[in-house]
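Participant: take a look and give me a structure for this.
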Amino acid sequence: MNYQETLNYLFEQLPMYQRTGKAAYKSDLANTLTLDKYFGHPHRKFRTIHVAGTNGKGSVSHMLASVLQSAGYRTGLYTSPHLLDFRERIKINGNMISEEEVILFVEQHRGVIERVAPSFFEMTVAMAFDYFSHKGVDVAIIEVGLGGRLDSTNIITPDLSVITNIGLDHTMFLGDTLEAIAGEKAGIIKTGVPVVLGRYQEQTASVFRHKAGKERAPLFFASDMVSVNRVVEKEDCQEVDVEAKIGGGVYSLPLMGRYQQENLVTVVASLNLLSRAWYEISEKAILSGIQNVVKNTGLMGRWQKISDNPLMVCDTGHNADGIDRVMEQLRSTEKENVHIVWGMVNDKDLEGVLRLLPENARYYFTKATIPRAMEPELLARAAEKLGLQGQVYENVKTAVEAAKKNASDNDLIFIGGSTFVVAEVLEK
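Facilitator: Presented below is the predicted three-dimensional model:
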């Protein structure tokens, strides 16, 4: 098989949550443990940092990886989902796993894949751990896929656990309260392993304190360790003046959303703790790693500017907490009129999300080409009840073309609602 045939085999053979939803969710670690034993427990051969949370975990993972890479460590990075290429999920020092490595993995292990019948995510985690082991990484940043306690990544014992924040998402699997979801995310807390909480939330703090106490894991709130003194927003970066117990300084953050300031605080707090362990991380490495996070890791889809005149921006925020932060950024952006290309998947809180969107915008309701995509007619009807006006478009391409046609040079076109809508725009 060539690379595309290999991907087609994996997509067809294995249920993928991002595409099919509930059918791909596994409520235990049985398959993961079977695969881990088959591959010889590869995750035990390198150090790890585990990152969970409702929003921000991707940005935090990429920033941590960039800093450790700048500090001279051979750094693995496992994230999900991918936007344009499956190989984005598995990187070493910013370089994606090669097509040949993916093909070889499937060819060599096709027997166990078909015998165990793992989910797409379970197989991908096994591939990543096996690849990092064979390539001799010093440390790998491992982003949780869904939840924490039952996530396939949760077989590792990391040097540090990081939980960014808690919001209502994937409630059919994780629970329908913040406390219940926090309990699932807290499942990544391991005995004696320090844990950083990126956002202090009154409703969930006691959940994390209880779990950390039970595991005798030192618990730190990022806001107790790091503070932001001043932010200067420039055209291509945010200059964030940070004060920390160890280090601190003015960081040039190329990720433009204001919500990234919280993620930066989480990263700096995490680096403070890692510097107390065996990691040697200079202030120069932190400054360079933050400034070059996009260059070093290939991070995409976070308040990412696609074009000027009109300004076109996309963001992968896709749940109420994430979209609330993105809309705050949108409101602060200078523009004459706002055009919003919007698509969602069918297991989100439709009304709760739509209530966060501005009424004084023109909407282009559409859907990505995945089975989970919500029909744009349903989106439009629900939006109209809330005073949001717009048209329906059968695909992302025609929706974006219509927005560009209607927008003047001083307008803003925002594209979002779903990772997969953003992916289709970036692919074009």
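Participant: residue ranges with poor pLDDT in this protein?
Facilitator: Within the chain, the stretches with pLDDT under 70 are 15-26, 169-171, 247.
Participant: separation between the spatially most central residue of it and T297?
Facilitator: The residue lying closest to the centre of the chain (Cα atoms, centre = their mean) is G58, at 3.0 Å. When distance is defined by Cβ to Cβ, to the nearest Å, G58 is 10 Å away from T297. No exception for glycine: its C-beta is placed from N, CA and C like everyone else's.
Participant: mind listing what the residue nearest to the centre of the chain touches?
Facilitator: Going by Cβ atoms under 8 Å, 6 or more residues apart in numbering, G58 touches 79, 143, 299, 302, 316.
Participant: how close does the fourth one get to I163?
Facilitator: This points to R302. Per Cβ to Cβ, R302 is found 19 Å from I163.
Participant: more crowded one of the two?
Facilitator: Relative neighbour count places I163 above the other of R302 and I163, with 30 against 24, counting by other Cβ atoms under 10 Å.
Participant: residue contacts, the more buried one?
Facilitator: Applying Cβ under 8 Å, 6+ apart to I163 gives the contacts 51-53, 148, 185-186, 188, 195-198, 208.
Participant: return the subset of those residues lying in helices.
Facilitator: Judged by DSSP state H, helices contain the following of the contacts of I163: 185, 208.
Participant: the stretch 1-150 of the chain: helices as residue ranges?
Facilitator: Along the stretch 1-150 of the chain, the stretches classed as helices by DSSP state H, counting those that start in this stretch are 3-13, 17-20, 30-38, 57-70, 99-116, 120-134.
Participant: domain map for the protein?
Facilitator: What automatic domain parsing lists as the domains of the chain is 3-297, 304-427.
Participant: show me the contacts of I163 that map onto strands.
Facilitator: Per DSSP state E, strands hold the following members of the contacts of I163: 51-52, 195-197.
Participant: for stretch 155-173, which positions count as buried?
Facilitator: Residues of stretch 155-173 classed as buried: 155-156, 158-170, 173 (neighbour count, 16 or more other Cβ atoms under 10 Å).
Participant: and it, how far out from the chain middle?
Facilitator: Distance of stretch 155-173 from the chain centroid (Cα atoms, centre = their mean, to the nearest Å) equals 11 Å.
Participant: next, the distance between the ends of that stretch.
Facilitator: 19 Å (Cα to Cα, to the nearest Å).
Participant: how about V137: what's its closest non-neighbour residue?
Facilitator: Nearest residue to V137 in three dimensions, chain neighbours excluded: G76, at 4.1 Å (Cβ to Cβ, 6 or more residues apart in numbering).
Participant: enumerate every residue touching the one you found.
Facilitator: Contact analysis of G76 by Cβ under 8 Å, 6+ apart lists 46, 65, 90-92, 128, 131-132, 135, 137, 139-141.
Participant: for M312, same thing?
Facilitator: Residues near M312 by Cβ under 8 Å, 6+ apart: 305-306, 404, 412-415.
Participant: tell me the SS of it?
Facilitator: strand (DSSP: H, G, I helix; E, B strand; the rest coil).
Participant: ok, now how distant is A382 from A368?
Facilitator: Here A382 is placed at a distance of 18 Å from A368 (Cβ to Cβ).
Participant: counting neighbours, go ahead and name the busier of those two.
Facilitator: Taking other Cβ under 10 Å, A382 and A368 do not tie; A368 has more neighbours (22 against 17).
Participant: secondary structure element holding the more buried one?
Facilitator: Here A368, judged by DSSP states H and E, is contained in no helix and no strand.
Participant: residues contacting the closest residue to it other than its chain neighbours?
Facilitator: Excluding the flanking residues, the one nearest A368 by Cβ to Cβ, 6+ apart is F420, at 3.5 Å. By Cβ under 8 Å, 6+ apart, the residues touching F420 are 18, 343, 345, 368-370, 373.
Participant: tell me which helix or strand F420 sits in.
Facilitator: Take DSSP H and E as the rule and F420 turns out to sit in helix 419-427.
Participant: now the angle from that helix to helix 57-70?
Facilitator: Using axes from the mean of the first three to the mean of the last three Cα atoms, to 10 degrees, the inter-axis angle of helix 419-427 relative to helix 57-70 is 50 degrees.
Participant: still on that earlier bit, which two in the buried residues of stretch 155-173 are spaced the farthest apart?
Facilitator: The span of the buried residues of stretch 155-173, defined through Cβ to Cβ, is set by D159 and L168 at 30.1 Å.
Participant: residues near the residue nearest to R216 when sequence neighbours are not counted, how many?
Facilitator: In space, and not counting its chain neighbours, R216 is closest to G192: 5.7 Å by Cβ to Cβ, 6+ apart. G192 has 9 neighbours, counted by other Cβ under 10 Å.
Participant: how much space separates G192 from I155?
Facilitator: Distance, G192 to I155, using Cβ to Cβ: 17 Å.
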